Every structure is written in C-alpha cells, then in structure tokens.
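Asker: Have a look; sequence and predicted model below, questions after that.
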Amino acid sequence: MNEIGEKSIQLVVTSPPYPMIEMWDGLFSMKDPAVKELIRSDVEEEIAEAYDRMHLILYPVIRECYRVLIEGGICCVNIGDAVRSMGDRFRLFANHSRMITTLESVGFSMLPYILWKKPTNKPNAFLGSGFLPTNAYVTLDCEFILIARKGGVRQFRQKDENRYRSSYTKEERDKWFSQIWNDIPGASQSTVNNSSRSAAYPIEIPIRLIRMFSVLGDTVLDPFLGTGTTVLAASKTGRNSVGFEIDRDAINWDSLSDVKGLELACDELEE
C-alpha cells in the first residue's frame, strides 16, 4: 500500500479471505503456488504448512495497516474460523487465534473483541452422529470481529467539533459495545458480475464499527475491499475511504458509483 503515507489513516475495517475455507483456496494458491499441492495432502505436517502459508500471505497486509494508521488508530478485522475434513480427520482451523497473533506481532495491542452471531444459522444444525455421543461437533455460528489499537488512546483537541458531532445515542452505545451481536443477519452470498462469489459482510457491521471507532471526516481503509461494503458504509457515515482489491471482478462497481472520497487501487489477478 505504497500509495498511502505513514500515519494517515484513522481506522481500518476489513474482512480478509479466511484460510482453509475452500472458496478461497484458489486465491491463496495463486499468491503462493505451494499451497495448491499442500492442501491436497493427507500428511499432517503438510496440511499445517498450508495453513501457515495462508496466514503468511495475510501478514504483510496487516503490517501495512499498522504502518498507515495514526497513533491511537483502530484496526477491526472480521474473520471466521474454518472447519474442514483433510486427510482422515475433521478439524477446526482457528483463524481468529492466528490473526490475533499476527496483529500483536506487528505491534498492535488487542482490545476486547466482538462475537457476531448470525441469526440466519439454523439452531439445530450440527455435524456428526445425530443424537449419539461422542462424534458430533459444535456448530460454527459466530464470527470474530477483532479490535486492535496502535499505541495508546487517540488524542483529540479539546472539544473537537467533529468528535462531538459523531456521538451516538445511549441505546446505540449499549447495543454496539456489547460483546455479542446477534441482531445482524448474514449477507447474501451471491455472485458478483457473474464471475466471483461474494463473501461480503452486511453493511450494518462496518457502519457500526465506523461510528464506534472514528469521527466525521476521518479516513477508513479496507485492504481487502471485496464488493466494496466498507467504503459504501464510510460514505454513508460521513467518512472518506481508501480500498484495495486484487480481483477487479469482485467489486460491485454499480453500488460504488456514487461514493465520494474513495480511492481504489485494483490489480487484477493473473490467470
């Protein structure tokens, strides 16, 4: 993200590709060809290496987020864990834990995170052996919204006008700063431009995070832009935005046509 100067962004709100989710295998393999063979393996060490390599692909992006954030700037990362059968085992890949390690390793301090419980998930959905112990598995129906800060608390001028104009209500505060969000349904996972499958989160998530952790006139960065939900939310809440996306076909250009203050850097993936 060389186009962005150091300490020029106030907030990052993003949702990266989730390692070990099959729909992202192709992207990770394109960035690191070794992944393509490793994820086909039934050897434990090679499966573990594939998982490590996927997270190593995300690492430099998080490092850049740290560089461009101001002191006191916040980084919000929506990420879900993965469950997958590989070799002769069904297992969990704890992406949220690995991402916490990455955030801390580049210098961020972790703050309490949010659990987004998707109400659309069926309460009786499960994997395994029906009503017989012991081979059923707990359903993954939550995603993590990790919240990290660069340095200490953000400093403002006394009675900063934009900060006061950005206030939220008591009702909003009580709902948004609760650790479990169970009132936001998941977004439709349709295709975009008849080519790329969307993994967009609902716009209510970035709208809340932007209002919680930035003020009017701030600039919000999404380094994994996807369909453009974050920058659309920034526009709706009076913030500027910068987005990066490596798959041009993933972006919903129609929805972003009226967004002002958006700088978009997009490099198409090579075939």
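Answerer: Good, I have the coordinates.

Asker: For Leu132, give me the pLDDT.
Answerer: Looking at Leu132, its pLDDT stands at 80.

Asker: my guess is it is in a helix, correct?
Answerer: No: using DSSP: H, G, I helix; E, B strand; the rest coil, the assignment for Leu132 is coil, not a helix.

Asker: Could you pull up phi and psi at it?
Answerer: Dihedral pair for Leu132: phi -110, psi 130, per degrees, to the nearest 10.

Asker: go on, the one 4 residues further on?
Answerer: The phi and psi values for Ala136, taken as degrees, to the nearest 10, are phi -90, psi 160.

Asker: for Asp42, same thing?
Answerer: Main-chain torsions, Asp42, degrees, to the nearest 10: phi -110, psi 10.

Asker: Hmm, it is touching Ser85, no?
Answerer: No: in this structure, Asp42 is not within contact of Ser85 by CB atoms under 8 Å, at 10.4 Å. Just so you know, the C-beta spots here come from the backbone N, C-alpha and C atoms, and that holds for glycine as well.

Asker: ok, which stretches of the stretch 1-150 of the chain are helices?
Answerer: Under the criterion DSSP state H, counting those that start in this stretch, the stretch 1-150 of the chain contains helices at 25-31, 34-38, 44-68, 95-106.

Asker: How about the stretch 151-271 of the chain?
Answerer: Using DSSP H, counting those that start in this stretch, helices in the stretch 151-271 of the chain cover 161-165, 170-176, 204-213, 229-236, 253-256.

Asker: Pull the contacting residues for the nearest residue to Ile114 once chain neighbours are set aside.
Answerer: Counting by CB to CB, 6 or more residues apart in numbering, Ile114 lies nearest to Ile145, which is 3.9 Å off, once chain neighbours are set aside. Residues in contact with Ile145 (CB atoms under 8 Å, 6 or more residues apart in numbering) are Cys76, Val77, Asn78, Tyr113, Ile114, Leu115, Trp116, Trp181, Ile205, Leu209.

Asker: now the residues you listed in a markdown table, with distance to Ala233 and neighbour count?
Answerer: What follows is the contacts of Ile145, written out as a markdown table (distance: CB to CB, whole Å; neighbours: other CB atoms under 10 Å):
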| residue | distance to Ala233 | neighbour count |
| --- | --- | --- |
| Cys76 | 12 | 25 |
| Val77 | 15 | 26 |
| Asn78 | 12 | 22 |
| Tyr113 | 19 | 16 |
| Ile114 | 16 | 24 |
| Leu115 | 20 | 15 |
| Trp116 | 15 | 21 |
| Trp181 | 15 | 20 |
| Ile205 | 8 | 24 |
| Leu209 | 8 | 25 |
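
Asker: Spatially, which pair of those residues is furthest apart? Let me know, please.
Answerer: For the contacts of Ile145, the farthest-apart pair by CB to CB is Val77 and Trp181; their separation is 15.0 Å.

Asker: quick one: which of the helices of the stretch 1-150 of the chain is nearest Lys150?
Answerer: Evaluated over the helices of the stretch 1-150 of the chain, closeness to Lys150 peaks at helix 44-68, with 5.9 Å, by CB to CB.

Asker: Counting by contacts, list what the closest one packs against.
Answerer: On a contact count with 3 or more CB pairs under 8 Å, 6 or more residues apart in numbering; DSSP states H and E, helix 44-68 meets strand 9-14, helix 25-31, helix 34-38, strand 69-79, helix 95-106.

Asker: just the ones you listed: most buried one?
Answerer: Among the helices and strands packed on helix 44-68, strand 9-14 has the highest mean neighbour count (mean count of other CB atoms under 10 Å), at a mean of 26.
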